[in-house]
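Student: model this:
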Amino acid sequence: MNYDLIELTSFWSIWYWIVMVVAWSMTAHWTLGVPHDAVIAAERKGGVFAQQCEDMAYINAQRLVYYFDKGGVYIIGFVAFFISSLGTAGYFFHIEFFQAMFILLAPLVLPNVFSVRLAYRLKTQQPVGEDLLKILFRRRLWNQVIGMVAIVGATIAAIIHQLTNNNLFF
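Tutor: The predicted structure follows:
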């Protein structure tokens, strides 16, 4: 039986790229816990849809601020330890699976950091209506930009990994 399709240790595994696309699609679709279609409906239809979008944004912002106030230092410490451990295991010990996970997860930290910043901004400034929608649109745009750069970077890293392992490069 051929198990090449389920191999998890390769940049060239279809499963790695499926996870990469799903992770960045979800990151770009959900901005501070608000799905993009809710933001679009709030902009186009207003009324109840705008109120629901605003409520979702503020509920998720309050939850994020609460949890980050309670254990933000621990969250930052754990994430930093985990990401640096992946990078160390991947690049110092030359383990391809950890390299791939590092390249997948390290850029995902940025949208999460910006979501925390946005949650604190909503807590202090409390924008509503069009101002809130503009903020959510802008945050989604930057999440998409970060995702595109991350996917291109992952592709370049995969190519460099393939070339160096076959002694075609370096």
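Student: element containing the residue nearest to residue 49 when sequence neighbours are not counted, please.
Tutor: With sequence-adjacent residues excluded and distances taken as CB to CB, 6 or more residues apart in numbering, residue 49 is closest to residue 41, at 4.3 Å. No exception for glycine: its C-beta is placed from N, CA and C like everyone else's. Assigned by DSSP states H and E, residue 41 falls within helix 36-45.
Student: How far does the helix or strand that that helix is followed by sit from its chain's centre?
Tutor: Of the helices and strands lying after helix 36-45 in sequence (DSSP H and E), the nearest is helix 47-87. Relative to its chain's centre, helix 47-87 lies at 12 Å (CA atoms, centre = their mean, to the nearest Å).
Student: and helix 47-87, what does it pack onto?
Tutor: Secondary-structure packing of helix 47-87 (3 or more CB pairs under 8 Å, 6 or more residues apart in numbering; DSSP states H and E): strand 34-35, helix 36-45, helix 96-105, helix 109-125, helix 130-165.
Student: Which pLDDT value goes with the residue nearest to residue 49?
Tutor: Predicted confidence (pLDDT) for residue 41: 93.
Student: what's the answer for the one 5 residues further on, then?
Tutor: The per-residue pLDDT reported for residue 46 equals 87.
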